[in-house]
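> I would like to see how this sequence folds:
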Amino acid sequence: MAVMWLETAKTFDSSKRNSIGAVGLIQFMPDTAKLLGTTTAKLRAMSAVEQLDYVEKHLVNCKRDAGYRDNQTLDSGTLYSLVFLPGRSKRVVLTRRGEKYYKKNKGLDYNKDGVITKNDLSSVLNKYMA
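Numbers count the residues shown, from 1 in each chain. Modelled structure (predicted):
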């Protein structure tokens, strides 16, 4: 829930769209929507409850693609990494200052050290879950 809350700018608004065209509860990119058999326009028109099926499908696919076991429990930072940068979810450092991913998401650098790690993601989530 905390990941979806943060990804929707603390609103849970399933129609939320960001400046680069991502939409919904976990800010689906157009290519991600297509892989899930839909479009960002269709996702944007869905209620939050309807969109949850796509959130689950995306997370299950990313978890499998990253090599995690189906029944493997993930810590909050790893879970968020599957939404933020799924292709890098096995890394400790997900992105660093100078990379495009960092620039657009520097607010996730919890300790402001110039790198975004899974620990940073956990800290950001824990800040709001407490």
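
> Can you name the residues that contact residue 118?
Counting by C-beta atoms under 8 Å, 6 or more residues apart in numbering, residue 118 touches 75, 77, 78, 80, 81, 89, 92, 94. Bear in mind the C-beta positions are built from the backbone N, C-alpha and C, glycine included.

> neighbouring contacts of the one helix or strand residue 43 maps to?
Using DSSP states H and E, residue 43 sits in helix 40-45. Residues outside helix 40-45 that contact it (C-beta under 8 Å, 6+ apart) are 14-15, 17, 21-24, 28-30, 33, 51, 54.

> Only the C-alpha atoms, please, for it, written as PDB.
The C-alpha coordinates for helix 40-45 follow below in PDB (Å, rounded to 0.1, in the frame of the first residue of the first chain):
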ATOM      1  CA  THR A  40      -2.000   3.400 -20.100                       C
ATOM      2  CA  ALA A  41      -5.300   4.900 -21.300                       C
ATOM      3  CA  LYS A  42      -7.200   1.900 -20.200                       C
ATOM      4  CA  LEU A  43      -5.400   1.700 -16.900                       C
ATOM      5  CA  ARG A  44      -6.100   5.400 -16.300                       C
ATOM      6  CA  ALA A  45      -9.800   4.800 -16.800                       C
END
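
> Please pull up the helix or strand immediately following it.
helix 48-65.

> tilt between the helix or strand just after that next one and helix 48-65?
Where DSSP H and E defines the elements, the next helix or strand beyond helix 48-65 is helix 76-84. Interaxial angle, helix 76-84 versus helix 48-65 (axes from the mean of the first three to the mean of the last three C-alpha atoms, to 10 degrees): 100 degrees.
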